[in-house]
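turn this into a model:
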Amino acid sequence: MRGKTSLRPGFLIVFVRELGQFRKHPLLLALTVVLPLFLMGILSAVFSQGLATRLPIAVLNLDGGDLSRMIIRTVDATP
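Here you go, the predicted model:
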């Protein structure tokens, strides 16, 4: 059975390899660090008041069935 110390060098090798990928492909850095931080900022702005209200919602009701009308009424009744 291997100890925890034998796993450390493998992790370090993979970590250094992935950092090299960030240097080769800057888009990867943007997709894994910058974009999630940007999206977190947008979500925090939307929910800054505690509850997202007055958001525009569109409903496409092609069949006109009872279930779709009930969903439209329910969505319309929420703030």
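
show residues contacting the helix or strand hosting residue 9.
When elements are defined using DSSP states H and E, residue 9 is found to belong to helix 8-24. Contacts made with helix 8-24 from outside it, assessed by C-beta atoms under 8 Å, 6 or more residues apart in numbering, are listed as 28, 29. Any C-beta I mention is one placed from the backbone N, CA and C, and that applies to glycine too.

by contact count, what packs against the helix or strand just after it?
Following helix 8-24 in sequence order, the next helix or strand is helix 26-29 (DSSP H and E). Contacts defined by 3 or more C-beta pairs under 8 Å, 6 or more residues apart in numbering; DSSP states H and E place helix 26-29 against helix 8-24.

might you list the low-confidence residue ranges for the protein?
Under the criterion of pLDDT under 70, the regions of the chain flagged as low confidence span 1-7.

90 instead?
Applying pLDDT under 90 to the predicted model, the residue ranges of the chain that meet it are 1-12, 45-65, 67-68, 71-72, 75-79.

just how off-centre is stretch 23-39 within its chain?
Offset of stretch 23-39 from its chain centre (C-alpha atoms, centre = their mean, to the nearest Å): 13 Å.
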